[in-house]
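Undergrad: I'd like to go over a predicted model; first the sequence, then the structure.
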Amino acid sequence: MLSRILVANRGEIALRIIRACHELGIETVAVYSEADKTAPYLKLADEAVCIGPPEPSQSYLNISRIISAAEITDVEAIHPGYGFLAENINFARICRDCGIIFIGPPVEAMELLGDKVQARKLAQKSRVSIVPGSDDIIEKETEALKLANKLGYPVMIKAAAGGGGRGMRVVHNDISLRSAFGAAGGEAEAAFGDGRVYLEKFIPESRHVEVQTIADQDGNAIHFYERDCTIQRRHQKMIEESPCPVLDRHTREELCEAALRIIKQAQYVNAATVEFLLDQNKKFYFIEVNTRIQVEHPVTEMVTGHDLIKWQIKIAGGQNLKISQRHIKHNGVAIECRINAEDPQNNFAPSPGTITKYIPPGGPGVRVDTHVHQGWNISTCYDSMIGKVIVHKKTRAEAIATMKRALAEFVIEPVKTTIPTCRDILSHNLFVKNKIDTGFVERNF
Amino acid sequence: MRPNILKLNHTSDARMPADFSALLSVVAICLLHLKSLFRQSIKTPCSLTIYGLICPKSQFCRSLRPIHHGKLFANNALQVILIGLNRHREFAACSLLQVLQTPLHAFDDLRNGSCLVGKDAAMTQKDSDLQKIQEIIQIMKDNDLLEVEIKHGDDKIFLKRFQPGSPTVNFVPMTGQKSSELPPASLQTQSPSQTPPPATQLEEELVEIKSLVVGTFYATPSPDSEPYVEIGSHVEPQTVVCIIEAMKVMNEIKAETRGTITDILITNGQAVEYGQVLFTVKPD
């Protein structure tokens, strides 16, 4: 078991990791930027090291400062959380070269699955359906046009190095493809340092379903069932639930098995989420693999009773998955609402500032994962997610009712949050009846 | 490395002299800061010393560099907490000495050896305590004493000067105890110390040299060499003041300012974080 870990992240996920380490008896080192120096979770860590000014590029994305912090505090491993450096191959490589365990996949697996085009090829090799699209990178606009017409519009231009809902553009005809193609490449270059793009058919009215997996260093891999993340706005998830309410048992088994095939094919180690699109006919298509722990991991934790962060840490420390697939039981329904400091009345513009009144919800079946508190200043430097409310009940109807109750109790003032939007979605007829798709939020809110 | 803590607790409601009250609205420090210092210390204790000397009314306090902000306690309970480690006690004590010394005129009452003043004294307990300590410090300096311990009943004061030395206050629980005379001091003579370093000129702003790198601090170019700078060294913007090693790369840290090193707040081999103050410089 590891003895000392550096948490290379901030906010609620940093707190989450510190909590898991406490329970495992592992010492923690937190790093923070000057904007986070009053964060209470820093005091929960055994040591805290300031790594820079508020700007992420100078702090949480600054590899040399984070590695230096790891060296001076003599840690064995680094947990990157999600976002920031969690899927940065360079960072994982540097950790390995410095003899620091990176709590995540090996560099090769990350590289393979991080390139979305390579990941598609791997999925095909694993006999998993992929979204119809280009076999490889599209370099020329003429190539793109030809393929788009063959696939049939609408199509999506996607960045090979993208992911997490970024670097994607939907185009509906030749004209928009012409104007978007070059721009998409430029955006990808700026955002990911890699301007290569590929094409996928855009499947309308689809649901987003993903499978949580964990693999150990001996090649054992198990899944923790699926999550449905169809409620998205601009490709950013807002509400997630487990199980996917429209899957029958057979499709679920196929889906989870497909995910495991891909993970094993990639010789993956540690936690990963395999993402699929589910079309109207309940047919699923592979999209991508997220080679990190995800924001919505608590949903799976509630329905399976397993602590995914602890599994990550144990596996990184060399421990095997001592359990087998039959030990993973799915129990009840869990729903998570992400709470963003955004103003729904103002096109979800960020709403930073100091929280002067903060009363979180509680009661049976309610879990709140957050680092904020009364007096916390929400900075403009980081993304707007300030917390998550997760609810676990026996049935979906109960879970929805409890989540509505919990969100009604939740007081965060004076900043604006997406709590009202979540409540509206949960009350919406289509959501309750499961007649939604990935475009639902943007059409109705 | 234990901190040296001077704690004066006054709950008297007596009105203080105006100028002295300005002075005494100084150095109220949240104990939380004390705790956070030690939570955040990196293996070896941080060399951060003075906390928050804030006194808007007093020109002397304003010119001291607040490293952390203090909080003014609303009631008359005043807590003065000084934490010094290694050489920084001197800086701390020196500064406090300057602060205490300047507007005080009335040393006369204590000159004849009188005492802790009781509740019914004309001066408040607070005034007399500070004056008393001040006087003792002066006596120590005049006579080149290194340690003084005074006990009277449950009250105790122990002052110790460190090499190259200027007095630093160690510990005193001050209660409102009445005593009629200065209790006998137990004096220990020590080997003569060097003259104390030049006291910070409080009217001038000090420039801090901060680390912009996370790593390990080295004062010397190599283990056997002389340090790059010492207290009193003059620096130019391009003068290398230290090395901070990060990921096996030796980063030479330049002064980026012109002046004289007044203090070194970090020890050789110590871990440093981003923004940590390494040196203070008196600009030319």
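TA: That came through fine.
Undergrad: can you give me the domain boundaries for chain A?
TA: A:4-103, A:132-201, A:207-444 (automatic domain parsing).
Undergrad: looking at those domains, spot the one closest to residue B:159.
TA: Comparison of the domains of chain A against residue B:159 by Cβ to Cβ identifies domain A:4-103 as nearest, at 33.4 Å. Bear in mind the C-beta positions are built from the backbone N, C-alpha and C, glycine included.
Undergrad: from residue B:258, how far out is the residue nearest the centre of chain A?
TA: What sits nearest the mean C-alpha location of chain A, by Cα atoms, centre = their mean, is residue A:294, with 3.4 Å. Counting by Cβ to Cβ, to the nearest Å, the gap from residue A:294 to residue B:258 is 52 Å.
Undergrad: ok, now residue A:404?
TA: Distance from residue A:404 to residue B:258, by Cβ to Cβ: 65 Å.
Undergrad: repeat that for residue A:208.
TA: 60 Å.
Undergrad: again, but for residue A:127
TA: Taking Cβ to Cβ, one finds residue A:127 at 71 Å from residue B:258.
Undergrad: likewise for residue A:242?
TA: For residue A:242, the distance to residue B:258 - Cβ to Cβ - is 63 Å.
Undergrad: and these two? which has more neighbours close in?
TA: When residue A:242 and residue B:258 are compared for neighbours, residue A:242 comes out ahead with 29 against 15, by other Cβ atoms under 10 Å in any protein chain shown.
Undergrad: contact residues of chain A facing chain B?
TA: The interface of chain A toward chain B, taken as Cβ under 8 Å from any Cβ of the partner chain, is made up of A:34, A:42-43, A:47-53, A:59, A:64-69, A:71-73, A:98.
Undergrad: next, count neighbours for residue A:200.
TA: When neighbours are counted by other Cβ under 10 Å, residue A:200 registers 22.
Undergrad: that one in helix, strand or coil?
TA: strand (DSSP: H, G, I helix; E, B strand; the rest coil).
Undergrad: report the outermost residue of chain A with respect to its centre.
TA: Most peripheral residue of chain A (Cα atoms, centre = their mean): residue A:142, 34.2 Å.
Undergrad: which strands or helices does the helix or strand hosting that one pack on?
TA: In this assignment (DSSP states H and E), residue A:142 forms part of helix A:141-151. Judged by 3 or more Cβ pairs under 8 Å, 6 or more residues apart in numbering or on different chains; DSSP states H and E, helix A:141-151 is in contact with strand A:155-163, helix A:174-192, strand A:197-201.
Undergrad: just the residues of chain A next to chain B: which are in helices?
TA: A:42, A:43, A:64, A:65, A:66, A:67, A:68, A:69, A:71, A:72 (DSSP state H).
Undergrad: just the buried residues out of those residues, in PyMOL syntax.
TA: Buried subset of those, written as a PyMOL selection, criterion 16 or more other Cβ atoms under 10 Å in any protein chain shown:
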select buried, chain A and resi 42+65+66+67+68+69+71+72
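Undergrad: the ones in helices among the residues of chain A next to chain B into JSON lines, with extra columns for pLDDT?
TA: What follows is those, written out as JSON lines (pLDDT from 0 to 100):
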{"residue": "A:42", "pLDDT": "98"}
{"residue": "A:43", "pLDDT": "97"}
{"residue": "A:64", "pLDDT": "94"}
{"residue": "A:65", "pLDDT": "95"}
{"residue": "A:66", "pLDDT": "97"}
{"residue": "A:67", "pLDDT": "96"}
{"residue": "A:68", "pLDDT": "96"}
{"residue": "A:69", "pLDDT": "97"}
{"residue": "A:71", "pLDDT": "95"}
{"residue": "A:72", "pLDDT": "96"}
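Undergrad: and the furthest pair within the ones in helices among the residues of chain A next to chain B?
TA: For these, the farthest-apart pair by Cβ to Cβ is A:43 and A:64; their separation is 26.0 Å.
Undergrad: residue B:241: which element?
TA: Assigned by DSSP H and E, residue B:241 belongs to strand B:240-246.
Undergrad: in its sheet, what does that strand sit against?
TA: Strand pairing for strand B:240-246, using DSSP bridges, gives strand B:215-218 (antiparallel), strand B:249-254 (antiparallel).
Undergrad: can you check the pLDDT for residue 81?
TA: Reading this off chain A. pLDDT recorded at residue A:81 is 98.
Undergrad: right idea, wrong chain: chain B
TA: With respect to pLDDT, residue B:81 scores 35.
Undergrad: go on, residue A:378?
TA: 96.
Undergrad: in contact with it: list those residues for me.
TA: A:341, A:351, A:352, A:353, A:354, A:355, A:372, A:384, A:386, A:415 (Cβ atoms under 8 Å, 6 or more residues apart in numbering or on different chains).
Undergrad: before we move on, what about residue A:387?
TA: With contact set as Cβ under 8 Å, 6+ apart, residue A:387 has these partners: A:12, A:338, A:339, A:360, A:368, A:369, A:370, A:371, A:372.
Undergrad: wait, which of the residues you listed is closest to chain B?
TA: Closest to chain B out of the contacts of residue A:387 is residue A:371 (16.7 Å), distances taken as Cβ to the nearest Cβ.
Undergrad: residues touching that closest one, list them.
TA: The contact partners of residue A:371, by Cβ under 8 Å, 6+ apart, come to A:10, A:11, A:12, A:14, A:15, A:39, A:40, A:41, A:386, A:387.
Undergrad: which of the contacts of residue A:378 tops the neighbour count?
TA: residue A:386 (26 neighbours).
Undergrad: picking that back up, any chance of the helices and strands packed on helix A:141-151 in JSON lines, with mean pLDDT and distance to residue A:346 too?
TA: What follows is the helices and strands packed on helix A:141-151, written out as JSON lines (pLDDT from 0 to 100; distance: least, Cβ to Cβ, whole Å):
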{"stretch": "strand A:155-163", "mean pLDDT": "89", "distance to residue A:346": "28"}
{"stretch": "helix A:174-192", "mean pLDDT": "88", "distance to residue A:346": "25"}
{"stretch": "strand A:197-201", "mean pLDDT": "94", "distance to residue A:346": "32"}
